[in-house]
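In: Predicted structure and sequence below. I'll ask about it afterward.
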Amino acid sequence: MLFALFSTKAQNNLEATQKPKVGLVLSGGGAKGLAHIGVLKVLDSLGVKIDYVAGTSMGAIVGALYASGYSGEALDSIFNNLDFTKIINDDLPRASKAFYERHNAERYALTLPFDNFKLKLPSALSRGQNTYNLLSKLMLHVSNVQQFKNLPIPFFCIATNVETGTQVLLDEGNLAQAVMASGALPTLFQPVTINGQVLIDGGVVNNYPINELRNKGMDVIIGVDVQDGLLNIKELTSAPDVLIQINNFRTINDMKVKAKKQIFILNQISRILTLYLLMKAIKLLLTEKKQH
């Protein structure tokens, strides 16, 4: 599901400035978050300039890469050539392992850690090391940028403090680490510790940071919401499915509340053509306001 959202202060601000500031917010949504790339390609094709990007979870990952300088077309090429199973899996390639590691991997189907001579279950299916390595490689060209407002496009993402249950807005530090924290879905990825805070997926508290982006001074906000709807009982086949379902109880209702606060909302956009026409309308609006 995609939404086009306009800030409630856009009407007043657009009259007072020559060039309205355009923000882009990308929601979380698991694998569906890759649909964000299609939106970016449309924006690029129309020459719509984005002044600020915000995202949560998968939206944070795609948004950060876009903010770092990748085009929608480049991101499409990158993600189409990825093997997500290998990326999520922490296992090293066989050639990179020591002899005893290869021997143990072929001999034992499962290994569990010990802590103080006690069996300890892992906190998640993946430590996220391969994912972090990939993101660090893709973001190497901006590794010297500590303040995310200094990226080619200013950026921030949302994570959740697992100890307090509060929202954490990440707009500085290591970009790859920040988006890893924003996308650390409980049970799938281990929490990420940043500045002493243990962080998990931002979708737990704020899957769609519209208000936070508006506070950055944006006049117009283009938003894309790809979060899952509620699954039926036959579709709830795993622990992550149940966890996501529980989280969606809140995020879906939260999105309805946020939607009511916007001037213009377009629901149930299912075709890229509709999105293309919508973005052309946005570009026309921005052009007209700039001329006035």
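Out: Structure's in. What do you need?
In: pretty sure Y132 is touching V179, no?
Out: No: at 9.5 Å, Y132 and V179 do not qualify as touching, with contact defined as Cβ atoms under 8 Å. Backbone N, C-alpha and C define where each C-beta goes, glycine included.
In: These two: which has the busier surroundings?
Out: The neighbour count for Y132 versus V179, taken as other Cβ atoms under 10 Å, is higher for V179 (31 against 18).
In: What number of residues are in the vicinity of the closest residue to V145 other than its chain neighbours?
Out: What sits nearest to V145 in space, not counting adjacent residues and going by Cβ to Cβ, 6 or more residues apart in numbering, is L151, at 5.7 Å. Under the neighbour criterion other Cβ under 10 Å, L151 is assigned a count of 19.
In: Same check on Q147?
Out: With neighbours defined by other Cβ under 10 Å, the count for Q147 comes to 10.
In: Then G217?
Out: Using other Cβ under 10 Å, G217 is surrounded by 13 other residues.
In: and the residue lying closest to it once chain neighbours are set aside, how far is that from F148?
Out: Closest residue to G217 in three dimensions, ignoring its sequence neighbours and counting by Cβ to Cβ, 6+ apart: K21, at 6.0 Å. In this view, K21 and F148 are 16 Å apart by Cβ to Cβ, to the nearest Å.
In: more neighbours, those two?
Out: Neighbour comparison, K21 and F148: the larger count goes to F148, with 23 against 19 (by other Cβ under 10 Å).
In: got the contact list for the closest residue to G183 other than its chain neighbours?
Out: Spatially, and ignoring its direct neighbours in sequence, G183 is nearest to S57 (4.7 Å; Cβ to Cβ, 6+ apart). S57 makes contact with S27, G28, G29, G30, G33, S182, G183, L185, D201, G202, G203, N207, according to Cβ atoms under 8 Å, 6 or more residues apart in numbering.
In: Filter those down to just the ones in strands.
Out: Secondary structure assignment by DSSP state E places D201 of these in strands.
In: in stretch 152-166, what counts as buried?
Out: For stretch 152-166, a neighbour-count test (16 or more other Cβ atoms under 10 Å) marks I153, P154, F155, F156, C157, I158, A159, T160, N161, V162 as buried.
In: Of those residues, which belong to strands?
Out: Filtering the buried residues of stretch 152-166 for strands - DSSP E - leaves F155, F156, C157, I158, A159, T160, N161.
In: Next one: the fourth one from I194, what distance?
Out: Read that as I158. The spacing between I158 and I194, counted by Cβ to Cβ, is 13 Å.
In: what's the overlap in contacts for these two?
Out: L170.
In: returning to what we had before: which residues does the residue nearest to V145 contact?
Out: Taking Cβ under 8 Å, 6+ apart, we find L151 in contact with A67, S68, G69, V142, V145, L175.
In: Could you pull out the strands in the protein for me?
Out: When secondary structure is read from DSSP E, the chain shows strands at 22-26, 52-56, 114-115, 118-119, 124-126, 155-161, 167-170, 187-189, 192-194, 197-201, 220-224.
In: returning to what we had before: spatially, which two of the contacts of L151 are the most separated?
Out: By the measure Cβ to Cβ, the contacts of L151 have their two most distant members at G69 and L175, which lie 11.6 Å apart.
In: anything in contact with each of these two?
Out: Shared contacts of G69 and L175 (Cβ under 8 Å, 6+ apart): V142, L151.
In: Which of these two has more residues huddled nearby?
Out: Counting neighbours by other Cβ under 10 Å for G69 and for L175 shows that L175 has the greater number, 26 against 13.
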